[in-house]
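J.: I'd like to go over a predicted model; first the sequence, then the structure.
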Amino acid sequence: SVFNDLQKVHKLYSVQLFKTEMLPAFTETLLTAMMDGSRQILHDELVLTVFGLASADFNLFFGQIVPRFVSKYSNPQATIPNFATSTDFPSFSRNLKFFIN
């Protein structure tokens, strides 16, 4: 994705302005797209991008972004305890799939 390319070249996710102002909004948008299910063909790319965004600051992701997302969308399937706070990609990917479904 464009975000992953920008991260590789410019370390976009490490820029403080991006982390505080843009990362939460982009992450929530990607999570919403995943829950929508209409972008199934892009699922793997979305998971990789969400992982990249989350890995910029896992504390922010699990402590603020996920709870805000859950409260905003009130999906009864997506509860905070269902999203285990794993930080390795295979576990994160599996947990994200469980969280979204």
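T.: Happy to help now that I have it.
J.: packing partners of the helix-or-strand element of the chain with minimal mean pLDDT?
T.: Using mean pLDDT, DSSP states H and E, the weakest-scoring helix or strand in the chain turns out to be helix 2-10, at a mean of 79. Secondary-structure packing of helix 2-10 (3 or more Cβ pairs under 8 Å, 6 or more residues apart in numbering; DSSP states H and E): helix 43-56. (Glycine included, C-beta is placed from N, CA and C.)
J.: quick one: mean pLDDT for the helix or strand that the helix it packs on is followed by?
T.: Counting by DSSP states H and E, the element after helix 43-56 in chain order, helix or strand, is helix 58-60. Mean pLDDT, computed over helix 58-60, is 91.
J.: what about the very next helix or strand once past helix 58-60, distance to the chain center?
T.: Sequence order places helix 66-73 as the next helix or strand after helix 58-60, per DSSP H and E. Offset of helix 66-73 from its chain centre (Cα atoms, centre = their mean, to the nearest Å): 12 Å.
J.: buried sites along the next helix or strand after helix 66-73?
T.: Sequence order places helix 89-100 as the next helix or strand after helix 66-73, per DSSP H and E. Of all the residues in helix 89-100, those buried under the rule 16 or more other Cβ atoms under 10 Å are F92, S93, L96, F99, I100.
J.: that older thread, what about the helix or strand that the least confident helix or strand of the chain is followed by, average pLDDT?
T.: Scanning forward in sequence from helix 2-10 by DSSP H and E, the next helix or strand is helix 16-17. Averaging pLDDT along helix 16-17 gives 88.
J.: since that was my last question, I'll sign off now.
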